[in-house]
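Participant: Pasting the sequence and the predicted model now:
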2 protein chains.
Amino acid sequence: MTKTTLVSLADSLGVSRQTISNVINAPHRVKPETRARVEAAISASGYRPSAAARQLRTRRSMNLGLRLMPVHDGINGSILDRFLHALTETAQRDGYRLTLFCADSDADEIHQYEELLQVSDIDGFVLTGTHHGDQRTAWLLDHDVPFAAFGRPWNDAEDPRRSRHAWVDVDGGAGTAEATAAFLDDGHASIGFLGWPAGSGAGDDRRAGWQRTLAAAGVAPGRIQELTASIDDGVQTGAVAARHLIAAGATAIVCVSDSLALGAAMELRRAFPGVPAAVTGFDDTPVAAAVGLSSVAQPIEAAARHAVAVLTHQLAETTTGGAGVPAPEQHLLLPAALVRRTPYPLDTGIPTAGTP
Amino acid sequence: MTKTTLVSLADSLGVSRQTISNVINAPHRVKPETRARVEAAISASGYRPSAAARQLRTRRSMNLGLRLMPVHDGINGSILDRFLHALTETAQRDGYRLTLFCADSDADEIHQYEELLQVSDIDGFVLTGTHHGDQRTAWLLDHDVPFAAFGRPWNDAEDPRRSRHAWVDVDGGAGTAEATAAFLDDGHASIGFLGWPAGSGAGDDRRAGWQRTLAAAGVAPGRIQELTASIDDGVQTGAVAARHLIAAGATAIVCVSDSLALGAAMELRRAFPGVPAAVTGFDDTPVAAAVGLSSVAQPIEAAARHAVAVLTHQLAETTTGGAGVPAPEQHLLLPAALVRRTPYPLDTGIPTAGTP
DNA sequence: TCCGACTGTTTGATCGATCAAATTACTTGT
DNA sequence: ACAAGTAATTTGATCGATCAAACAGTCGGA
């Protein structure tokens, strides 16, 4: 049995290839009875149009590109899992597929864009890990490439809401603010913050949420300065940094990630035995849930779905010419939610401290 | 400036399109000087052949398919991250790209194969999460679709080494065996095992490693039976099941995953205060490293690289006709390595037990 | 000198779809 | 009843590459 193609199907039906093409791409142009007959034949033969032929003619591949960030940067671990899954699933529902690629740097990523656009006619990209002075968005805008970013544009000068490109993000700052406020309510006066080194957009935003909450509560700027640390992600680094914050008087700690929070929890437990560790993490990873760590949860699936929706809408528009369905929100800030958990006392006896 | 194409480049050089095509696909057929001239022109113009046109003619897309497993099945979390990354990177180096797709079930996955093959001319697939009675491998073999599996074929009857399809796997059984032996050496007599419900291939293999080590040490079959539990993944479930094993006399526990191990560690610490928790996990996740949990590490990047190597070799072979580079190992069992860590005493005071 | 073998290059056909324009069929108004 | 207009369908050209076969140029040997 030979492969069914437009022509072979047309011949066997006694109609022209274009009619079949129309049934698929512009059904309204075909007389209802003809359409029904063709549709029946299509499903009977299991005909599927060739992506390559279509792509060659239309210059559209129905493929979306996504750079896989190096392990342990930005969204990682189980968050990546959830994000990827939602992205793939949504794209698939809309007839798109996801193509992955790696890049060493933003410059390399841009180079990959060129390659993917020229060679594979990738229709658009999903960006993650936006940061200050991001070259990528500028390049994509300059070249009229459709894309949606997960992460706001972080150019201080500009209001994200006026950005020329579409983005979805989670209001991490509001999340850490909520966590900080909760600790204030609990009676904590010195609340520390463990964050990543400045420059990572999302990380800075989360720190800002904590900062403005303390400032609003009347904590002196100098004091705020003393209560924060900027370190790379990790449980060990978190523990070490937490020790310093505790030495500086912190009785509660808000963290930019669950890893750091786990480390901080150990130190808080040691410093204040008996008292539940006052600490919150970020991302609400399974570990946090398991260990009973409070954490700021991101609606990551919703973010992924929206990113795809924005992107596919943009793509549909360039084809149809603007009519049709209303555009989804171009700048969407989703709320993060603090998940409060009964703070189990944690004690993992880091060796350096010499627990029995 | 118009897009450079084979013809436009050929015209500007005064040669025919086929010559340029040859320079790219069969350089040996072109006279060295012509070749040099063409190559210079290619890099000067930044010409890249269109994937669609090439795909239409050759019926090869240079795309590999990978099903994204539902979150929390098989390889998950940070393991997925590492696996995906290595896969994408290796594929990219070999000129392939990775296309993701979702499926609800194995049957649905097979349905996606058909779609992807017919529509997108996907060249081959990488399979994960092989299990008993896997329909997918049979289908792919029947349809002569190139693929490489991460995971052995688990048909009890058959010797994996004789399997008709290529696979890479990690010897999880050897890993748990090593862990079990280590506990025996430490003087433990009753070593429990926390595993997943039977049927998951990898999970059963890991249990078998523990089982045969105990049997070899002279533990009665009935006793072995008492020392194992089959449960779904998770820290809480691990803690609960561990409590039962401890009640049954276990003083050390080997686990099929780090999540379960984390739960088990809490319970062991409670049952035997002061003594370092005798527990090992699996996958050597960042959490295990951070918390000081011993764990069996999988060389997941190596596995991914090998899977791609096998697949690309297979693909190259069907084109060139069999000559060229020697075939990589078709059935490769990579060693797992027990990472022993100073077992920090863990105590997370699960509420139900009522720690002060 | 002429033929066959080989090397290097070019030409025509093709992959399977869509676009744009041409053709035919069917209404409708006057 | 006929021109004009619209609806439905068909035809020719095209996207950009590779395949297969034809074509020229070189060389050694009879």
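Facilitator: Great, that's in hand. Worth saying up front: this structure is predicted, and the values here are computed from it rather than measured.
Participant: CA atoms for contacts and neighbours, from now on please.
Facilitator: Fine.
Participant: Please identify the residues of chain A in proximity to DNA strand C?
Facilitator: A:3-7, A:17-18, A:20-22, A:24-25, A:48-50, A:53-54, A:56-58 (CA under 7 Å from any atom of the strand).
Participant: and those near chain B, which?
Facilitator: Applying CA under 8 Å from any CA of the partner chain, the subset of those adjacent to chain B comprises A:48, A:49, A:50, A:53, A:56.
Participant: Quick one: neighbours of residue A:3, just the number.
Facilitator: With neighbours defined by other CA atoms under 10 Å in any protein chain shown, the count for residue A:3 comes to 11.
Participant: quick one on the thing from earlier: make a markdown table from the ones next to chain B among the residues of chain A next to DNA strand C and add secondary structure, distance to residue B:187 and neighbour count to it.
Facilitator: Converted to a markdown table, these look like this (DSSP: H, G, I helix; E, B strand; the rest coil; distance: CA to CA, whole Å; neighbours: other CA atoms under 10 Å in any protein chain shown):
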| residue | secondary structure | distance to residue B:187 | neighbour count |
| --- | --- | --- | --- |
| A:48 | coil | 64 | 16 |
| A:49 | coil | 66 | 16 |
| A:50 | coil | 64 | 17 |
| A:53 | helix | 68 | 19 |
| A:56 | helix | 68 | 19 |
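Participant: List just the nearest of these to residue B:329.
Facilitator: Checking those against residue B:329 with CA to CA, the nearest one is residue A:50 at 34.2 Å.
Participant: re the thing from before, for the residues of chain A next to DNA strand C, which ChimeraX command selects only the ones that are buried?
Facilitator: Selecting only the buried entries of these in ChimeraX, with 16 or more other CA atoms under 10 Å in any protein chain shown as the criterion:
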select /A:4,6,17,20,24,48,49,50,53,54,56
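Participant: who touches residue A:327 in this structure?
Facilitator: Residue A:327 is in contact with A:310, A:313, counting by CA atoms under 8 Å, 6 or more residues apart in numbering or on different chains.
Participant: how close does it sit to chain B?
Facilitator: Residue A:327 sits 26 Å away from chain B, going by CA to the nearest CA, to the nearest Å.
Participant: for the host helix or strand of residue A:39, packing partners?
Facilitator: Assigned by DSSP states H and E, residue A:39 falls within helix A:32-45. The contact analysis (3 or more CA pairs under 8 Å, 6 or more residues apart in numbering or on different chains; DSSP states H and E) places helix A:32-45 against helix A:6-13, helix A:17-25.
Participant: Around the residue lying closest to residue A:106 once chain neighbours are set aside, how many other residues sit close by?
Facilitator: In space, and not counting its chain neighbours, residue A:106 is closest to residue A:136: 6.6 Å by CA to CA, 6 or more residues apart in numbering or on different chains. Counted with other CA under 10 Å, the neighbours of residue A:136 add up to 18.
Participant: a helix runs through residue A:136, doesn't it?
Facilitator: Yes - checked against DSSP: H, G, I helix; E, B strand; the rest coil, residue A:136 lies within a helix.
Participant: Now do the helix or strand containing residue A:174: distance to the chain's middle.
Facilitator: Using DSSP H and E, residue A:174 falls within helix A:172-185. Taking CA atoms, centre = their mean, to the nearest Å, one finds the center of helix A:172-185 at 22 Å from the center of the full chain.
Participant: Can you pull the poorly scored residue ranges out of chain A?
Facilitator: Counting by pLDDT under 70, chain A shows low-confidence ranges at A:1, A:72-77, A:320-324, A:343-356.
Participant: What are the neighbouring residues in contact with the spatially most central residue of chain A?
Facilitator: The residue lying closest to the centre of chain A (CA atoms, centre = their mean) is residue A:150, at 4.5 Å. For residue A:150, the contacting residues are A:126, A:127, A:128, A:129, A:130, A:167, A:168, A:169, A:303, A:304, A:307, by CA under 8 Å, 6+ apart.
Participant: Neighbour count and secondary structure added to those residues, as a markdown table?
Facilitator: Listed next are these as a markdown table, based on neighbours: other CA atoms under 10 Å in any protein chain shown; DSSP: H, G, I helix; E, B strand; the rest coil:
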| residue | neighbour count | secondary structure |
| --- | --- | --- |
| A:126 | 20 | strand |
| A:127 | 20 | strand |
| A:128 | 19 | strand |
| A:129 | 16 | coil |
| A:130 | 22 | coil |
| A:167 | 29 | strand |
| A:168 | 24 | strand |
| A:169 | 26 | strand |
| A:303 | 24 | helix |
| A:304 | 26 | helix |
| A:307 | 30 | helix |
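Participant: Redo the residues you listed as a markdown table? Include distance to residue B:70.
Facilitator: As requested, the contacts of residue A:150 are exported to a markdown table (distance: CA to CA, whole Å):
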| residue | distance to residue B:70 |
| --- | --- |
| A:126 | 21 |
| A:127 | 23 |
| A:128 | 22 |
| A:129 | 24 |
| A:130 | 27 |
| A:167 | 26 |
| A:168 | 24 |
| A:169 | 24 |
| A:303 | 18 |
| A:304 | 16 |
| A:307 | 20 |
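Participant: rewinding a little: give me the contacts around the helix holding residue A:174.
Facilitator: In this structure, residues lying in contact with helix A:172-185 by CA under 8 Å, 6+ apart are A:191, A:202, A:205-214, A:252, A:254, A:278, A:280, A:296, A:335-338.
Participant: Which ones among those map onto strands?
Facilitator: Using DSSP state E, the subset of these located in strands is A:191, A:252, A:254, A:280, A:296, A:335, A:337, A:338.
Participant: quick revisit: reformat the helices and strands packed on helix A:32-45 as a markdown table; add distance to DNA strand D.
Facilitator: Shown next, in a markdown table, are these (distance: least, CA to the nearest atom of the strand, whole Å):
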| stretch | distance to DNA strand D |
| --- | --- |
| helix A:6-13 | 8 |
| helix A:17-25 | 4 |
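Participant: Quick check: which of those helices is nearest to residue A:101?
Facilitator: helix A:17-25 (30.2 Å).
Participant: distance between that closest one and the chain's centre?
Facilitator: That offset, for helix A:17-25, works out to 38 Å (CA atoms, centre = their mean).
Participant: got the CA positions of it in PDB?
Facilitator: Presented in PDB, the C-alpha positions along helix A:17-25 are these (Å, rounded to 0.1, in the frame of the first residue of the first chain):
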ATOM      1  CA  ARG A  17      -6.000  18.400  -5.100                       C
ATOM      2  CA  GLN A  18      -6.900  22.000  -4.300                       C
ATOM      3  CA  THR A  19     -10.400  21.100  -3.200                       C
ATOM      4  CA  ILE A  20      -8.900  18.700  -0.600                       C
ATOM      5  CA  SER A  21      -6.500  21.400   0.500                       C
ATOM      6  CA  ASN A  22      -9.400  23.700   0.900                       C
ATOM      7  CA  VAL A  23     -11.300  21.300   3.000                       C
ATOM      8  CA  ILE A  24      -8.400  21.300   5.300                       C
ATOM      9  CA  ASN A  25      -7.400  24.900   5.300                       C
END
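Participant: Residues of the stretch 251-356 of chain A that sit close to DNA strand D?
Facilitator: Going by CA under 7 Å from any atom of the strand, none of the residues of the stretch 251-356 of chain A are near DNA strand D.
Participant: Strands along the stretch 251-356 of chain A, start to end?
Facilitator: Assigned by DSSP state E, counting those that start in this stretch, the strands in the stretch 251-356 of chain A fall at A:252-255, A:279-282, A:294-297, A:331-335, A:337-339.
Participant: Figure out which of those strands is closest to residue B:219.
Facilitator: strand A:294-297 (43.2 Å).
Participant: follow-up on the earlier one: now render the strands of the stretch 251-356 of chain A as CSV, adding mean neighbour count and distance to residue A:227.
Facilitator: As requested, the strands of the stretch 251-356 of chain A are exported to CSV (neighbours: other CA atoms under 10 Å in any protein chain shown; distance: least, CA to CA, whole Å):
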stretch, mean neighbour count, distance to residue A:227
strand A:252-255, 30, 9
strand A:279-282, 30, 14
strand A:294-297, 26, 19
strand A:331-335, 18, 26
strand A:337-339, 21, 21
